[in-house]
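Asker: attaching a predicted model along with its sequence, questions to come.
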Amino acid sequence: MTTTPDKTATDLVSVTIDGIQVDVPKDTLVIRAAEQVGVQIPRFCDHPLLAPVGACRQCLVEVPDAGNGRGFPKPQAACTLPVAPGMVVSTQITSEVADKAQQGVMEFLLINHPLDCPVCDKGGECPLQNQAMSNGQGESRFVASGSGGVKRTFPKPINLSPQVLLDRERCIVCQRCTRFAEEIPGDPFIALVERGAMQQIGIAENAPFLSYFAGNTIQICPVGALTSESYRFRSRPFDLVSSPSVAEHDACGSAIRVDHRRGKVVRRLAGNDPEVNEEWITDKDRFAFTYATQDDRLTYPQVRDTDGSLRPASWPEAFAVAARGLAAARQQGGVGVLTGGRLTGEDAYAYSKFARVALGTNDVDFRARPHSAEEASFLAAHVVATGPDGGAVTFGDLETAATVVLVGFEPEDEAGAIFLRLRKSAVHHRTRVLAVAPFTTRGLSKMNGTLLPTAPGDEPATLASLLGHADHGIDSTAVILVGERLATVPGALSAAVDLAARSGARLAWVPRRAGDRGAVEAGCLPNLLPGGRPVADAAARVDAATAWGVDSLPEAPGRDGDAIVAALLAGDLGGLVVAGVEPADTTDPAATTAALAAASFVVALGLRANDVTRAADVVLPVAPVTDKAGTFVNWEGRVRGFDAVLSNPASLPDLRVLAGIAEELAALGHGAPLGFRTVEEVWSEMAQIGPWDGARAAFEPVALATSGAQGAQGLVLSSWKLMLDHGSMQDGDKHLAATARPAVARVGRAVHDACGPTVTVTGDRGSITLPAEVAPDIVDGVVWLPAGSTGRGLLADVASPGTRVTVTGGTP
Amino acid sequence: MADVLTPVLTDDWDAERSWTLATYESRGGYGALTKALAMPQDDIITAVKDSGLRGRGGAGFPTGMKWSFIPQDNPKPKYLVVNADESEPGTCKDIPLMMATPHTLVEGVIISSFAIRANHAFIYIRGEVLHVIRRVQAAVAEAYAAGHLGKDIHGSGYDLDIVVHAGAGAYICGEETALLEGLEGRRGQPRLRPPFPAVAGLYASPTVINNVESIASVPSIIGNGPAWFASMGTEKSKGFGIFSLSGHVTNPGQYEAPLGITLRELIDLAGGIREGHQLKFWTPGGSSTPLLTDQHLDLPLDFEGMAGAGTMLGTRALQLFDETTCVVRAVLRWTEFYKHESCGKCTPCREGTWWLVQTLAALERGEGSESDLDLLLDQCENILGRSFCALGDGATSPISSSIKFFRDEYLAHLTHGGCPFDAAASTVWAGSLTGADA
């Protein structure tokens, strides 16, 4: 059983299966009712999350009584037959007819199936192999009959996409993949072609199976017909160790299974978590794991030598050098901390405590992307310390909501599991999806969504208009999902809060990175201590200080990320502790890069060498998520813990490194040691300190920005990151990269007609030339560019989203 | 002799330019339409029920009952779909009917659509018969021009549009739900039932799907009354039907007669079996119906008579084979057809037909052993009733029935080291070639 039992009381139907009476919810299929009495009916096409099809005929059972006193004259497919009161079913266990029917179908399935199990990737974990053993005959009559059985063959294999390969002769055309593609992500780019034994899965010419979720078809394929370029021929399932884990690529907290061998991850699969990602993950979650094993992975500490170069150092030396440098920087105005959004909750907590206890500052921010004080206030007032237990919005709520409003948020690109759940809601529960966005994306179409056309900057006005709107009015049955991008629009989060308060709709914040929400909970913000304790609240400071065994905590509200950069440039801050930050992602990449150079002392904790580590005075390698236990808090506020997948003693989590520096700092008379060295110790300390039980920080709304853009020159730039782009955590899998959507500028028809098929977009930081595609309903005066699919990224190369750019015809 | 025949549908076939509206109307055509438009719609359904008309596409489901399954309280539009995808080996009644007198079908469509309150009707014609598609298209155009179709037909307030749709060449689309898939523009493969087409058929709306001959019989039932129709045929198989004789018979062709006529009578009408030969085996209703032999010449050709002999009336496609024909060879050819036409959706039909052909082909070559006959029968048992639709069932019929009646002939292939028959002897040119080739 892979579906969650319905929480609401349902009508139960009593049926008898193999002589055992069982009560199951109405409309349960016989194949699943049988599981309740411990009978596994063999199956291939059946999948609990896909609509029944009855194609493979493997699950035939005898039904001597359909519940009306009459039986079916022929064996019935258990995967398409709903139970009826009084129904009597005889499976292969008790019925010779059913057993023979199943054995017959199995024999048929095998006549055209190659006997290449010894070289097939699926061998050892193959439903066909397994069920041929459990419900088939040992000997084939095909090879012995007539002149010896000629199997149908195909040239092998063919690419359905750059990543997904199809061995047609292994395929038993159960249609799981085609049904998945059509039903779940709504990307029906694979279909049945030809007929009879030549029937096969195919793609249209020049239309490969490009779906962000294509990898799921490989996982649900019950034979070895679908394989990935990344894993094909790499391993045997029985040589792998499988560890449950949590995906680190977005804020959904999707359950995954990591398969590894001899200390190396060879593939990842979707875990099964009905409350979160069901059984699906994005291709990024599935294939993007080789970033941790690139050549630029940092494996030993480095310190800046007297000649200006970085040289290897021992851990004790690196800790000591870092501590000395930070101590000095504290004297030169202080040290800021930029953590980035990729940390586990435990590591984020360590940074939060390190900043307060070891560096004596609230200058800490996880937001290595455009942000605002309004956002920090919003997070403190409405997001931190909420969760499913406290009634916060959950994945399940998206299915029951009458309306879901998306603002500053493109789920298909930014949170794949939310996209799939919303599509399911829209298709099966008729949830109305409204997107406050400049144009209808493919993702929105697939959610049967409605566009509320809004230029960047005008989101507050659109949100304000929704209350009592004639067509799109929302009420307490609605859910508003705000994306992190909304931080860049002054007044937008305020408008969302206001709309939720007035309509009774529920509000949730969906960041992009896996560690964002955990960093909020851990207090990696200038206005928050761990557990939602407001920095401005003396009682909260005392509470945290007591828990940490220190006399006091810094009172002054800290600088946020942008202010830290500015202070470093101005010389107001001396040093910087930085982790997992790409300057190109920050509000002003040039300023961030300059700040790194301007800082008197930089300690960088990182996985791989990058511009930050190259500019640092001390470089400390930290463990990737595979090498450490930890916790991600997903957008719901759901705590998603995971254990270390690989055992790699040389790979230290950030918290251990920070503890080492803090100990050296304490020895120099600065601050206190952190009091922990392991993930377990941090976890128990976090559990002990718990969430703040005092008053939440009050939200400080920002007035609605008036759209002052009328008459301004140029077009407004809209942008977000595509799921698959140049992100460094996708490095190393060229096949995955080849499935990324191409970088194009989306423009209105008038702009396209005026500028042609290639446009040059010029902003205050530079210009870029891209193919242009018409977005038919894009708001006038808006151009959209992908944020991370070109060059150093949009923020570095062109302009900030929401600013004015000019678009001219370009030459490719 | 002639009084055995009851030409109704075929009555106009010999008329001058029989396919034109003028000819059809000159012989009373569209009279039934006028009568029907004046009748309460439920009375038409009752009349068809009372007539005892059973589906002429093979299954024999009572047509009036099928119409009454349409939920009239369903707010969705209702559709009538005519299954003219005649593709069964041996079956050749609908295509000549549409070729000769397409207006019989068009009039039937209008009356039937009116009865079930459908404002759109579709005629799904097998794509290979382009000439027939053109005939029906022309007839529909003539009917529009004459006011028999379109808005407010003859002032009745009733609107009807007919779409003539050409299939894309797949036997499976004769299966009604696969036909609906094809009509909707999708891949022609059978649909999961329930929901049944009467509840959610074409475009998920209530849909009646009837065979050409069933619908074409409706004008005569309305025109002459249900009692007239019911007076013909047998107790449970009323009315007349077109019997298509083909193969080793002197005058192959269409013979319209009351249900319950015997093959002996039909062969007499057709001038007997090919000169100098005797009947060996025959199919009552196309290749999907288990074959019979000369022992069954006097069985009534109606639904019950054929069921009693372990076969089916089917489409009354009487393929006659004389003693020059190798039954193994004939069965292999049919099986190759099913293999070629299997849509691929379900395992037993897709893989089973692939295997059956190989086993049969080996037997025809004299390879294999007697145990392969039991294997064949076991394969058939694993397909029959296990496949998704009736195509798989049909594929097993010729094999299991031929082994039942001609087991020794299969074995003779093994002892003879190949087919003991002279394949040329069964051909239509057999006599002319034997001398020349010798």
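Answerer: That came in fine, so what should we check first?
Asker: could you pull out the helices for the stretch 1-150 of chain A?
Answerer: Secondary structure of the stretch 1-150 of chain A (DSSP state H, counting those that start in this stretch): helices located at A:30-36, A:96-111, A:127-135.
Asker: for residue B:27, which of those is the nearest?
Answerer: In terms of C-beta to C-beta, the element of those nearest to residue B:27 is helix A:96-111, at 53.3 Å. From N, CA and C alone the C-beta is placed, and that goes for glycine too.
Asker: quick check: phi and psi on residue A:455?
Answerer: Backbone torsions of residue A:455, given as degrees, to the nearest 10, read phi -80, psi 150.
Asker: thinking again about what came up before, please identify which of the helices of the stretch 1-150 of chain A is closest to residue B:304.
Answerer: With respect to residue B:304, and counting by C-beta to C-beta, the nearest of the helices of the stretch 1-150 of chain A is helix A:96-111 at 27.4 Å.
Asker: would you mark the buried spots in the closest one?
Answerer: Neighbour counts over helix A:96-111 (16 or more other C-beta atoms under 10 Å in any protein chain shown) mark A:97-111 as buried.
Asker: please export the alpha-carbon coordinates of it; PDB is fine.
Answerer: Output of helix A:96-111 as PDB, limited to C-alpha atoms (Å, rounded to 0.1, in the frame of the first residue of the first chain):
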ATOM      1  CA  GLU A  96      -6.600 -23.000 -10.000                       C
ATOM      2  CA  VAL A  97      -8.300 -20.900 -12.700                       C
ATOM      3  CA  ALA A  98      -6.700 -17.700 -11.400                       C
ATOM      4  CA  ASP A  99      -3.300 -19.400 -10.900                       C
ATOM      5  CA  LYS A 100      -3.400 -20.800 -14.400                       C
ATOM      6  CA  ALA A 101      -4.500 -17.500 -15.900                       C
ATOM      7  CA  GLN A 102      -1.600 -15.700 -14.100                       C
ATOM      8  CA  GLN A 103       0.900 -18.300 -15.200                       C
ATOM      9  CA  GLY A 104      -0.400 -18.100 -18.700                       C
ATOM     10  CA  VAL A 105       0.000 -14.300 -18.800                       C
ATOM     11  CA  MET A 106       3.500 -14.500 -17.300                       C
ATOM     12  CA  GLU A 107       4.500 -17.100 -19.900                       C
ATOM     13  CA  PHE A 108       3.200 -14.700 -22.700                       C
ATOM     14  CA  LEU A 109       5.100 -11.800 -21.200                       C
ATOM     15  CA  LEU A 110       8.300 -13.700 -21.200                       C
ATOM     16  CA  ILE A 111       8.200 -15.000 -24.800                       C
END
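Asker: what is it packed up against?
Answerer: strand A:60-65, helix A:127-135, helix B:347-364, helix B:371-383 (3 or more C-beta pairs under 8 Å, 6 or more residues apart in numbering or on different chains; DSSP states H and E).
Asker: turn the ones you listed into JSON lines, columns for distance to residue A:529 and mean pLDDT.
Answerer: What follows is the helices and strands packed on helix A:96-111, written out as JSON lines (distance: least, C-beta to C-beta, whole Å; pLDDT from 0 to 100):
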{"stretch": "strand A:60-65", "distance to residue A:529": "61", "mean pLDDT": "98"}
{"stretch": "helix A:127-135", "distance to residue A:529": "51", "mean pLDDT": "96"}
{"stretch": "helix B:347-364", "distance to residue A:529": "62", "mean pLDDT": "96"}
{"stretch": "helix B:371-383", "distance to residue A:529": "70", "mean pLDDT": "96"}
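Asker: export those to JSON lines and tack on mean neighbour count and distance to residue A:693?
Answerer: Listed next are the helices and strands packed on helix A:96-111 as JSON lines, based on neighbours: other C-beta atoms under 10 Å in any protein chain shown; distance: least, C-beta to C-beta, whole Å:
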{"stretch": "strand A:60-65", "mean neighbour count": "23", "distance to residue A:693": "56"}
{"stretch": "helix A:127-135", "mean neighbour count": "18", "distance to residue A:693": "51"}
{"stretch": "helix B:347-364", "mean neighbour count": "26", "distance to residue A:693": "61"}
{"stretch": "helix B:371-383", "mean neighbour count": "20", "distance to residue A:693": "68"}
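Asker: tell me which of those lies nearest to residue B:290.
Answerer: helix B:371-383 (10.8 Å).
Asker: circling back: could you dump the helices of the stretch 1-150 of chain A into CSV and include distance to residue B:385?
Answerer: CSV is the format used below for those (distance: least, C-beta to C-beta, whole Å):
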stretch, distance to residue B:385
helix A:30-36, 17
helix A:96-111, 8
helix A:127-135, 18
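Asker: please identify which of those is closest to residue B:171.
Answerer: Once the helices of the stretch 1-150 of chain A are compared by C-beta to C-beta, helix A:96-111 is nearest, at 20.0 Å.
Asker: hmm, residue B:369 is touching residue B:411, no?
Answerer: No - counting by C-beta atoms under 8 Å, residue B:369 stays clear of residue B:411, with 9.8 Å between them.
Asker: can you pull the pLDDT of the closest residue to chain B within the stretch 551-700 of chain A?
Answerer: At 35.9 Å from chain B, residue A:636 is the closest residue in the stretch 551-700 of chain A, using C-beta to the nearest C-beta. Listed pLDDT for residue A:636 reads 98.
Asker: repeat for residue A:156
Answerer: Looking at residue A:156, its pLDDT stands at 83.
Asker: now the closest residue to chain B within the stretch 351-500 of chain A: how far from residue B:47?
Answerer: The nearest approach of the stretch 351-500 of chain A to chain B comes at residue A:427, 14.8 Å away (C-beta to the nearest C-beta). Residue A:427 sits 44 Å away from residue B:47, taking C-beta to C-beta, to the nearest Å as the criterion.
Asker: sorry, back to before: so the residue of the stretch 551-700 of chain A closest to chain B touches residue A:390, yeah?
Answerer: No - with contact defined as C-beta under 8 Å, residue A:636 does not reach residue A:390; the gap is 10.5 Å.
Asker: the more surrounded of these two?
Answerer: residue A:636 (26 against 9; other C-beta atoms under 10 Å in any protein chain shown).
Asker: contacting residues for that one?
Answerer: Residues near residue A:636 by C-beta atoms under 8 Å, 6 or more residues apart in numbering or on different chains: A:253, A:387, A:388, A:392, A:393, A:394, A:395, A:508.
Asker: out of the residues you listed, who has the most neighbours?
Answerer: Most neighbours among the contacts of residue A:636, by other C-beta under 10 Å: residue A:253, with 28 neighbours.
Asker: how much space separates the closest residue to that residue other than its chain neighbours from residue B:7?
Answerer: Setting aside the residues directly before and after it, residue A:253 is nearest to residue A:634 in space (C-beta to C-beta, 6 or more residues apart in numbering or on different chains), at 2.9 Å. Applying C-beta to C-beta, one obtains 77 Å for the distance of residue A:634 from residue B:7.
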